[in-house]
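Undergrad: Okay, here's the prediction I keep looking at, along with the sequence it came from:
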Amino acid sequence: MAGLYHSTRLLPHAIYDDKLLIQLGFQTRIEIDMGNIENIKTAKAQNGFGEKTPKDTYYAMLSIDTPQYEILLKETAFITSAYGRKKFVNSIVFRCDEPAKILQEINFNLNNLNENDT
């Protein structure tokens with residue numbers, strides 16, 4: 001568990017070349033095009049103990065953390081997990097160190113994409 005925690009600290013989320021990279025340490029990651037983001041909103045609290053999480057949602061955070069944002073995708077995307085396994089998802093729930101800054105960056109990139117489309 002300590003190794004996973006340290007890898008989450010050392011591998012932060014990133015935005016580059018109109019792509020958003022969200023990762024949970026070395027365990028899982030997803031790279032999505034900014035154009036594939038339908039909506040980003042404040043996430044609801046995670047399901048209670050014993051409740052099942054939706055199979056089409058990627059929770060990119062440790063189980064002890066509370067979620068901050070949920071990204072809804074226009075089209076399904078796949079996460080790459082340990083040993084090359086892939087899973088298709090429609091939404092991503094995550095938290096980050098600087099939530100206001102990453103939200104501002106995502107919205108800035110989305111606005112630029114929308115302006116270039118018109």
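TA: The structure has been received and is ready for your questions.
Undergrad: hang on, residue 109 in a helix?
TA: Yes - Residue 109 sits within a helix when classified using DSSP: H, G, I helix; E, B strand; the rest coil.
Undergrad: For the closest residue to it other than its chain neighbours, grab the count of nearby residues.
TA: Distance criterion CB to CB, 6 or more residues apart in numbering; nearest residue to residue 109, sequence neighbours excluded, is residue 34 at 4.7 Å. Every residue, glycine included, has its C-beta placed from N, CA and C. When counting by other CB atoms under 10 Å, one arrives at 18 neighbours for residue 34.
Undergrad: For the chain, which helix or strand comes out least confident on mean pLDDT?
TA: In the chain, the helix or strand scored least confidently by mean pLDDT, DSSP states H and E is helix 2-10, which has a mean of 51.
Undergrad: after that one, next one along is what?
TA: Stepping forward along the backbone from helix 2-10, the first helix or strand reached (DSSP states H and E) is strand 14-16.
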